[in-house]
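Student: Got a sequence here, can you build the structure:
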Amino acid sequence: MAYRIMVLNPRSIGAIDPEELRDQLLQANFHTLAAQYGLDEGLIEGCVSTLEVTTVDPLVAPFFVIKYRGGGHLPLLVYRWMRPDQRGGGLWRDVLPEGLPPQVRDCITDASEILVIELDRSQLEDMGILLAYEVARWAAVRGSGVVMGLDGKWYRMNRHQAFIQVEEP
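Tutor: Coordinates of the predicted model:
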């Protein structure tokens, strides 16, 4: 079973520079975040030393990959779709849940792209969850968007780039 974090952005994040995104991810406070997620801090060094962002031409495939473990371990997959035109509008509607808060609904109306960070169950217990939320933070800040977390709740970023829950009306 796959677990997903979704980001809806009114502004496009633009072209993804793999080195720039890697550098942004490495700026996170891994020790503090590992403690918040209940992760073994012994995993940090291996994650930091193997962290790699691999992009693909968006015309070839709508995703990029975050590798953070050696060997044959699964990377994080980050899917990215631009707002579809009339022919593809069904896809846009199909991935969005029902009963959204007004701020989220407004963001959808203005959204130019959607990103979905996909995790495997094993990644919920290693640095994958930490990196997935950091990718979501990076994308939401860059695109002025909102994030649907693994808990099914919607979040916005405050001026300190912290996740703040979007309140129901």
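Student: Hmm, residue 142 is touching residue 15, no?
Tutor: No. Using C-beta atoms under 8 Å, residue 142 makes no contact with residue 15, being 11.3 Å away. Every C-beta, even on glycine, is put in place using the N, C-alpha and C of the backbone.
Student: Which residue of those two possesses the greater neighbour count?
Tutor: Each of residue 142 and residue 15 has its neighbours counted (other C-beta atoms under 10 Å); residue 142 has more, 18 against 8.
Student: Just list the residues touching the more buried one, thanks.
Tutor: Residue 142 is in contact with 9, 11, 13-14, counting by C-beta atoms under 8 Å, 6 or more residues apart in numbering.
Student: Swap in 10 Å and give it another go.
Tutor: Contact analysis of residue 142 by C-beta atoms under 10 Å, 6 or more residues apart in numbering lists 7, 9, 11-14, 16, 21, 24, 157.
Student: between these, which is closest to residue 52?
Tutor: Here the nearest of these to residue 52, counting by C-beta to C-beta, is residue 21; it sits at 10.2 Å.
Student: Which residues are in contact with the closest one?
Tutor: Counting by C-beta under 10 Å, 6+ apart, residue 21 makes contact with 13, 51, 53, 55, 64, 66, 78, 134-135, 138-139, 142.
Student: so it, which of the three states?
Tutor: Counting by DSSP: H, G, I helix; E, B strand; the rest coil, the backbone at residue 21 sits in helix.
Student: For the remainder of this discussion, apply numbering that starts at 50.
Tutor: OK, 50 is where the count begins now, so the last one is residue 70.
Student: Per-residue pLDDT of it, please?
Tutor: Listed pLDDT for residue 70 reads 97.
Student: Got phi/psi on the nearest residue to residue 153 once chain neighbours are set aside?
Tutor: Spatial nearest neighbour of residue 153, chain neighbours left out: residue 203 (4.8 Å); criterion: C-beta to C-beta, 6 or more residues apart in numbering. Torsion angles at residue 203 (phi, psi; degrees, to the nearest 10) stand at phi -100, psi 140.
Student: Determine the three-state secondary structure at residue 113.
Tutor: Here residue 113 is recorded as strand under three-state DSSP.
Student: Rounded mean pLDDT for stretch 165-175, please.
Tutor: 95.
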